[in-house]
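Asker: Mind folding the following:
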Amino acid sequence: MSLEVKFAGPLCSLQDSGRMGFLRYGVTESGPMDRQAFRILAAMLEAEEGFNAIEVSLAGMVVQAKQSLTLGFCGGEFALSIDGEALLPWGVFTLPAGKTLTIRAGASGSWGYLSCLGGFATDAWLDSTSSHLPSGLCGGYLQAGDILAPSAASLREDLNCALPIPEFSRFSGNARIVPGPQNHLFPERAKQALFQGNFTVTREFDRMGMRLSGASLAPEDALSIPSEAIIRGSLQVPGHGDPIVLLADHQTTGGYPKIATMITCDQDTTAQARAGDVVRFTEVSAEEGTKTTRDRAQQVANWIAEIPTHRGSLADKLNRVNLISGIVGPDGTPHH
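Answerer: Down below sits the predicted model:
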């Protein structure tokens with residue numbers, strides 16, 4: 001049982017949850033650009049530890065099943081079809097043997113996630129199957145002719161469902177940031193411009209980072225600070241004055257000053273922006289950022305808990321609902 005890549009746009013790759021714990025050795029975490037969507041896909045397919053998925057870029061992908069497979073897709077609002085028959089953007093479905101799945105850019109979003117039961121069988125490096133695209137670790141870019149073998153061989157048509165796209169997964173245009181760690185190296189006008197102006201996503205956008213254009217945030221005499229560790233979500237500002245949001249494949253160290261750090265949950269949704277989209281920054285404290293990210297994690301967990309209600313045929317769904325009287329609420333209390 002296998003899936004053959006017929007076409008893969010630039011930056012399509014295989015990713016798991018990330019290669020953790022090796023930053024001190026110069027090895028970045030990689031992993032999905034939208035970790036939130038990756039978590040949801042794993043739940044859609046009832047995946048366990050070690051799950052991976054194809055990260056599909058805005059340029060799209062075409063794959064063909066050699067045998068029938070259960071597949072799931074979520075992330076951006078892409079356009080999916082099987083031999084020309086349209087599918088909804090988020091859901092679990094069967095790709096019959098010999099049929100071709102086409103994924104194209106849709107209404108919104110830059111990254112989508114496609115996987116099968118158990119993910120794909122591939123060699124791990126440092127306990128991860130995530131591809132690091134700049135170095136080619138774990139295979140690098142996917143290309144036409146690549147063959148991907150699922151880790152699990154069975155079909156699970158009981159998992160098939162079409163899912164609504166949750167509003168919290170969409171890029172809203174707003175991103176919350178915590179000032180620092182080097183915001184003291186920037187003039188007051190730059191710090192004001194960061195929160196008062198709009199910034200536009202440029203075409204210089206890949207898995208390493210996203211360059212934004214807007215008011216110049218150039219630091220004053222701070223381009224020779226010692227190189228130090230860098231984390232995902234940092235807003236790094238080189239001499240040209242355009243902030244760069246560092247993302248999944250960011251470098252592990254650097255000497256450019258960081259004016260702020262984007263909170264974790266907004267890193268995922270901002271990564272779904274497209275060139276030309278506008279980003280507005282809001283200042284929050286580290287404590288507020290932590291609480292917001294925890295609240296989002298709970299919101300995602302609550303949404304995931306609803307996935308089973310979307311599975312099955314119409315008859316299955318009707319059987320789960322009392323249509324006459326004595327309706328039972330979620331707390332088990334009857335209502336009339």
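Asker: residues in contact with Arg176?
Answerer: Contacts for Arg176 were tallied using C-beta atoms under 8 Å, 6 or more residues apart in numbering; they are 262-263, 266, 281-284, 288-289, 292. From N, CA and C alone the C-beta is placed, and that goes for glycine too.
Asker: Turn the buried ones among the residues you listed into a named ChimeraX selection, would you?
Answerer: In ChimeraX syntax, the buried subset of those is picked out as below (16 or more other C-beta atoms under 10 Å):
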select :262,263,266,281,284,289,292
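Asker: The contacts of Arg176 into a markdown table, with extra columns for distance to Gln143, pLDDT and secondary structure?
Answerer: Converted to a markdown table, the contacts of Arg176 look like this (distance: C-beta to C-beta, whole Å; pLDDT from 0 to 100; DSSP: H, G, I helix; E, B strand; the rest coil):
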| residue | distance to Gln143 | pLDDT | secondary structure |
| --- | --- | --- | --- |
| Met262 | 32 | 98 | strand |
| Ile263 | 35 | 98 | coil |
| Asp266 | 32 | 97 | helix |
| Phe281 | 37 | 97 | strand |
| Thr282 | 40 | 97 | strand |
| Glu283 | 43 | 97 | strand |
| Val284 | 41 | 97 | coil |
| Glu288 | 43 | 98 | helix |
| Gly289 | 39 | 97 | helix |
| Thr292 | 39 | 97 | helix |
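Asker: Out of the contacts of Arg176, which is nearest to Val245?
Answerer: Met262 (6.2 Å; C-beta to C-beta).
Asker: thinking the closest one is in contact with Ala175, fair?
Answerer: Yes: with contact taken as C-beta atoms under 8 Å, Met262 and Ala175 are classed as touching, separated by 5.6 Å.
Asker: Direction included, what does whatever helix or strand Tyr113 lives in pair up with?
Answerer: With elements taken from DSSP states H and E, the one containing Tyr113 is strand 100-116. Sheet pairing here is set by DSSP bridges, and for strand 100-116 it gives strand 53-56 (antiparallel), strand 61-65 (antiparallel), strand 69-82 (antiparallel).
Asker: doesn't Pro166 make contact with Ile307?
Answerer: No: using C-beta under 8 Å, Ile307 is not in contact with Pro166; the gap is 11.0 Å.
Asker: just to revisit the earlier point, return the set of buried residues in the strand holding Tyr113.
Answerer: 100-103, 105, 108-116.
Asker: want to try JSON lines for the residues you listed, with pLDDT and distance to Ile225 as columns?
Answerer: Formatted as JSON lines, the buried residues of strand 100-116 follow (pLDDT from 0 to 100; distance: C-beta to C-beta, whole Å):
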{"residue": "Thr100", "pLDDT": "98", "distance to Ile225": "52"}
{"residue": "Leu101", "pLDDT": "98", "distance to Ile225": "48"}
{"residue": "Thr102", "pLDDT": "98", "distance to Ile225": "48"}
{"residue": "Ile103", "pLDDT": "98", "distance to Ile225": "43"}
{"residue": "Ala105", "pLDDT": "96", "distance to Ile225": "39"}
{"residue": "Ser108", "pLDDT": "96", "distance to Ile225": "38"}
{"residue": "Gly109", "pLDDT": "96", "distance to Ile225": "36"}
{"residue": "Ser110", "pLDDT": "97", "distance to Ile225": "31"}
{"residue": "Trp111", "pLDDT": "98", "distance to Ile225": "32"}
{"residue": "Gly112", "pLDDT": "98", "distance to Ile225": "38"}
{"residue": "Tyr113", "pLDDT": "98", "distance to Ile225": "37"}
{"residue": "Leu114", "pLDDT": "98", "distance to Ile225": "41"}
{"residue": "Ser115", "pLDDT": "97", "distance to Ile225": "41"}
{"residue": "Cys116", "pLDDT": "95", "distance to Ile225": "46"}
